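J.: predicted model, plus sequence, below.
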2 protein chains.
Amino acid sequence: MYEKRTITFKNGKIYTIDQSKLPKEEKIIVLENYKEVAEAIKSMKIRGAPIIGVACAFALAVEANKLKLSNVKMAIRKLEKVSNYLKNTRPTGKNLFWAIDKVLEASRNSKDVKTLKRNVIRTAEEIAENDVKANKKLVENGEKLIKDGDVVLTHCNSGRLATVAYGTALGSIIKAWKSGKRFKIFITETRPLLQGARLTAWELKKEKIPFHLITDNMVAFVMKKEKINKVFVGADRIWSDGSVANKIGTYGIAIISKVLGSKFFVVAPSSTFDLSLKPNETVVEFRKEDEVTSVMGLRIAPRGVKVLNPAFDITPPEYINAIVTEKGVINKPFSKNIKKFLLNYRNHSNL
Amino acid sequence: MYEKRTITFKNGKIYTIDQSKLPKEEKIIVLENYKEVAEAIKSMKIRGAPIIGVACAFALAVEANKLKLSNVKMAIRKLEKVSNYLKNTRPTGKNLFWAIDKVLEASRNSKDVKTLKRNVIRTAEEIAENDVKANKKLVENGEKLIKDGDVVLTHCNSGRLATVAYGTALGSIIKAWKSGKRFKIFITETRPLLQGARLTAWELKKEKIPFHLITDNMVAFVMKKEKINKVFVGADRIWSDGSVANKIGTYGIAIISKVLGSKFFVVAPSSTFDLSLKPNETVVEFRKEDEVTSVMGLRIAPRGVKVLNPAFDITPPEYINAIVTEKGVINKPFSKNIKKFLLNYRNHSNL
């Protein structure tokens, strides 16, 4: 099975693909300190909630590896400082906070700096391994929802690029196709940063899977005309009531899906879940105006134009049919089933 | 009142602004034969259903003006040939067919070529004058629907650029602002050809009216967050059941509006109405793939990617609150009221 990794930690350095250069150029970048990782996340060289989590864990591993201190408390304080810096890169994706806290916890359980280094690096590597394992499992769960003759739509990019391997929503679609199922695929371009047109198109093309690209505003017309019956999206944060923060545009597609009769599935690993009871709109990141007034550096709007640029939106649970995780499919009622799922998960997981 | 024309017929030639060059460049183009007009329409130098109708009427005036024939039947046949060519430029907007047929009718009522020339040119000029008069009136009707404190959204461009003067939906918004009402305005960029980001932004900026630009997929999130309560769009064709063909994306916005509780208004002159009882999806134009795989000539998607590029969609009447015309606001039930409106209109209009 295809398990090429999009991010690795080797000899104290992080190697990953620069996603901002795709599809024009497949460029591997090497990150040697946490500031470089933070910059890569902010500038979308690394994007996708699961891979961002892993990148931050690796950033802590890079810094732990370099530690010259002998005092373990000072070492922990240094990593906490790094963590705060990393946590300020992007506020929406839960995986980032989850991964950083997991590594920090491991660092705090160290009796000396040598143990701390080992604990931090091992935990970061485990987080990456577990992302691979979780995604391998969840795309198997996701692909079962796809049948021959379906017409599916996906938004943004939730393929292997968004994770260490396998992907989530797009991963399920790719897995279903590779299993021999035959169905139609539509992908949205996903303005402003075009993760659909650039990254999802690139992944599907590499896999030689046929699909059609549409602009984001074509969803309603194409869903009706082409009889799209299943939508698969990833998630950046899932609250315990079943609300889902995901790439801007998800909420509109979910509304249209419900009205036009398409099912709507969210596919994400359990590191995406937020235990808060209610969604919190303040986690939605607003990005720079020029992402909207320009396309890949090309100015499209007049100078001086004001812009609103939310990078994510929040889809309420009533628009979601099921949430696919590595531990199985969570059905409604979400409030009850997500709680059960997370409790069960905590007790039995090796994460 | 501001009545700068976007298209004029003078000395046998058509003068208009090249909309494909905006906002970078305000370039006036001169069109001297019907093939140049057809090319300008196909390549979106001239776009917007009402102005396309006028451009075609003027194209017939250009050709009539040049006629060297003495046989009136042959002259009519020549104009019919030109008409068929023009009718093949864009299939969705009703105004094009309406205007051409109106000019052809005038040509057929001519006893000699001299009369034909006069009839054709006069009718074309009347169509342009009546577009100005109708829009002046309908933006007055449209602006009455806007109140202080409203939060309005418009899609694509339905300003003066889309017409000879005043515009329709955007015209109503501009009129309301100039009347001293104060409200918030959001505009969608309108992929693939960015009529919102390029043209609506340009018009509003010229009028010094504040607004925010968003990408098409931000509508649901921004509507909820900013409490957008009224959407105004133009129309390319309105069927007698109240279904509306308009720029791709309109249908999705209409669905989201209904679900989130915003009112949805269509603003268009009566030349947009199609007497057919039911909407006909075959009038929806599908355009070239590279409009989607590129943005203003810049390639965004990998090579060889397949695309669906419908330029319009059809919004069913249940998503529309009212249709604003120059003769007043048409409320529900549309089937009954549109019929009444059109009958009344035929009997009393000077069109």
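T.: That came in fine, so what should we check first?
J.: the helices in the stretch 1-150 of chain A, which residues?
T.: Secondary structure of the stretch 1-150 of chain A (DSSP state H, counting those that start in this stretch): helices at A:34-42, A:49-66, A:72-87, A:94-108, A:113-143.
J.: just the stretch 251-351 of chain A next, same as before
T.: Using DSSP H, counting those that start in this stretch, helices in the stretch 251-351 of chain A cover A:290-293, A:334-348.
J.: over to A:Asn71: give its phi and psi.
T.: phi -90, psi 120 (degrees, to the nearest 10).
J.: where's it relative to chain B, distance?
T.: Applying CB to the nearest CB, to the nearest Å, the value for A:Asn71 to chain B is 47 Å. For every residue, glycine as well, the C-beta is placed using N, CA and C.
J.: which residues does the residue positioned nearest the centre of chain A contact?
T.: Nearest to the mean C-alpha position of chain A, by CA atoms, centre = their mean, lies A:Ala49 at 2.8 Å. Contacts for A:Ala49 (CB atoms under 8 Å, 6 or more residues apart in numbering or on different chains) come out as A:Thr92, A:Gly93, A:Lys94, A:Asn95, A:Leu96, A:Ala162, A:Gly234, A:Ala235, A:Asp236, A:Arg237, A:Ala268, A:Thr272.
J.: surely the fifth one meets A:Thr89?
T.: Yes - if you go by CB atoms under 8 Å, A:Leu96 and A:Thr89 touch, sitting 7.3 Å apart.
J.: these two: who's more crowded?
T.: A:Leu96 (27 against 21; other CB atoms under 10 Å in any protein chain shown).
J.: identify the residues contacting that one.
T.: A:Ala49, A:Ile52, A:Gly53, A:Cys56, A:Leu86, A:Lys87, A:Thr89, A:Arg90.
J.: which residue is the nearest non-sequential neighbour of A:Lys94?
T.: A:Arg237 (4.1 Å; CB to CB, 6 or more residues apart in numbering or on different chains).
J.: again, but for A:Cys156
T.: In space, A:Cys156 comes closest to A:Lys247 once its chain neighbours are excluded; the distance is 3.8 Å by CB to CB, 6+ apart.
J.: circling back to that earlier point, which of the helices of the stretch 1-150 of chain A sits most buried?
T.: helix A:49-66 (a mean of 27; mean count of other CB atoms under 10 Å in any protein chain shown).
J.: got the angle for it vs helix A:113-143?
T.: 170 degrees (axes from the mean of the first three to the mean of the last three CA atoms, to 10 degrees).
J.: and chain A, what are its domains?
T.: A:7-137, A:138-347 (automatic domain parsing).
J.: would you mind measuring from A:Ile100 to A:Asn88?
T.: 11 Å (CB to CB, to the nearest Å).
J.: what of A:Thr200?
T.: Taking CB to CB, one finds A:Thr200 at 28 Å from A:Asn88.
J.: those two - which one has more neighbours?
T.: Neighbours per residue (other CB under 10 Å) separate A:Thr200 from A:Asn88, with A:Thr200 holding more: 31 against 10.
J.: now for that one: which residues touch it?
T.: Contacts for A:Thr200 (CB under 8 Å, 6+ apart) come out as A:Thr154, A:Cys156, A:Asn157, A:Gly159, A:Leu170, A:Ile187, A:Thr190.
J.: near the first one, how many other residues are there?
T.: Each residue near A:Thr154 was counted by other CB under 10 Å, and the total is 28.
J.: A:Lys247 versus that one, what's the distance?
T.: Separation of A:Thr154 from A:Lys247 (CB to CB): 11 Å.
J.: give me the common contacts of the two.
T.: A:Val233.
J.: once you drop chain neighbours, what's closest to A:Ala49?
T.: Nearest-residue entry for A:Ala49: A:Gly93, 3.6 Å, with adjacent residues in sequence omitted and distances by CB to CB, 6+ apart.
J.: surely the one you found touches A:Asp236?
T.: Yes - A:Gly93 lies in contact with A:Asp236 (CB under 8 Å); the separation is 4.2 Å.
J.: which residues are in contact with each of these two?
T.: A:Ala49, A:Thr272.
J.: tell me the pLDDT at the one residue in the stretch 1-150 of chain A that gets nearest to chain B?
T.: Nearest residue of the stretch 1-150 of chain A to chain B: A:Pro23, at 4.2 Å (CB to the nearest CB). The model reports A:Pro23 with a pLDDT of 96.
J.: hmm, it is touching A:Glu203, no?
T.: No - checked against CB under 8 Å, the pair A:Pro23 and A:Glu203 is beyond contact range at 9.5 Å.
J.: higher neighbour count, those two?
T.: A:Glu203 (26 against 20).
J.: tell me the contacts of A:Asn119?
T.: A:Ala106, A:Ser107, A:Asn109, A:Ser110.
J.: intersect these with the contacts of chain B.
T.: Of the residues in the contacts of A:Asn119, proximity to chain B by CB under 8 Å from any CB of the partner chain holds for none.
J.: and which of those is nearest to A:Gly196?
T.: A:Ala106 (36.2 Å; CB to CB).
J.: contacts for the lowest-mean-pLDDT helix or strand in chain A?
T.: Sorting the helices and strands of chain A by mean pLDDT, DSSP states H and E puts helix A:334-348 at the bottom, at a mean of 80. Residues from elsewhere that reach helix A:334-348 (CB under 8 Å, 6+ apart): A:238, A:240-242, A:270, A:273, A:275, A:317, A:320, A:323, A:325, A:327-328, A:330-331.
J.: list buried residues within those residues.
T.: A:Ile238, A:Ser240, A:Asp241, A:Gly242, A:Ser270, A:Phe273, A:Pro317, A:Ile320, A:Ile323, A:Thr325, A:Lys327, A:Ile330 (16 or more other CB atoms under 10 Å in any protein chain shown).
J.: can you report phi and psi for the third one?
T.: Geometry field for A:Asp241 lists phi and psi as phi -90, psi 0, criterion degrees, to the nearest 10.
J.: pretty sure it sits against A:Asp274.
T.: No - here A:Asp241 lies out of contact with A:Asp274, judged by CB under 8 Å, at a distance of 10.1 Å.
J.: what bits of chain A have low per-residue confidence?
T.: Counting by pLDDT under 70, chain A contains low-confidence residues at A:1-3, A:345-351.
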